[in-house]
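Asker: fold the following and give me the result.
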Amino acid sequence: MARDTAGAEAAMKGITFPAYGEHYVTLAELLVRLGSFGLDLTWRVEFDEIVDPRCVEMERRADAGMDTLTLL
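Answerer: Numbers count the residues shown, from 1 in each chain. Below you'll find the model as predicted:
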């Protein structure tokens, strides 16, 4: 079964959430909560702050889009 995501893709500008503070939702938690819905999504990653050398590599790999399992 294919999902029609054209409308959602046109409307989706992105999601932003803090990765610090008293309580936060990690990216891994978000991806797991999406369940099977998230498997067909393509992700582009941007960081406001580079706090780890792996951030640069992740941004570089995600420029063209990254599937959910690779991102996870």
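Asker: could you use CA atoms for every contact and neighbour count after this?
Answerer: Noted.
Asker: roughly how far apart are the residue nearest the centre of the chain and Cys55?
Answerer: Centroid-nearest residue in the chain: Trp43, 4.8 Å away (criterion: C-alpha atoms, centre = their mean). To Cys55, Trp43 is 14 Å away according to C-alpha to C-alpha, to the nearest Å.
Asker: Thr70 versus the nearest residue to Ile50 once chain neighbours are set aside, what's the distance?
Answerer: If the residues on either side of it in the chain are set aside, Ile50 comes closest to Val56, at 7.1 Å by C-alpha to C-alpha, 6 or more residues apart in numbering. Here the criterion is C-alpha to C-alpha. By it, Val56 lies 16 Å from Thr70.
Asker: neighbour-wise, which of the two wins?
Answerer: The neighbour comparison of Val56 against Thr70 (other C-alpha atoms under 10 Å) goes to Val56, with 14 against 10.
Asker: give me the element that one is part of.
Answerer: Assigned by DSSP states H and E, Val56 falls within helix 53-62.
Asker: what lies in contact with that helix?
Answerer: By C-alpha atoms under 8 Å, 6 or more residues apart in numbering, the surrounding residues in contact with helix 53-62 are Trp43, Arg44, Val45, Glu46, Phe47, Ile50.
Asker: buried among these? Need that as a selection in PyMOL.
Answerer: Selection of buried members from those for PyMOL, criterion 16 or more other C-alpha atoms under 10 Å:
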select buried, resi 43+44+45
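Asker: average pLDDT for stretch 30-45, rounded please.
Answerer: Stretch 30-45 shows a mean pLDDT of 86.
Asker: now do the buried residues in it.
Answerer: By neighbour count on 16+ other C-alpha under 10 Å, the buried set for stretch 30-45 is Leu31, Gly38, Thr42, Trp43, Arg44, Val45.
Asker: report the contact partners of the closest residue to Leu27 other than its chain neighbours.
Answerer: Spatial nearest neighbour of Leu27, excluding adjacent residues (C-alpha to C-alpha, 6+ apart): Leu72 at 7.9 Å. Shown in contact with Leu72 (C-alpha under 8 Å, 6+ apart): Leu27, Ala28, Leu31.
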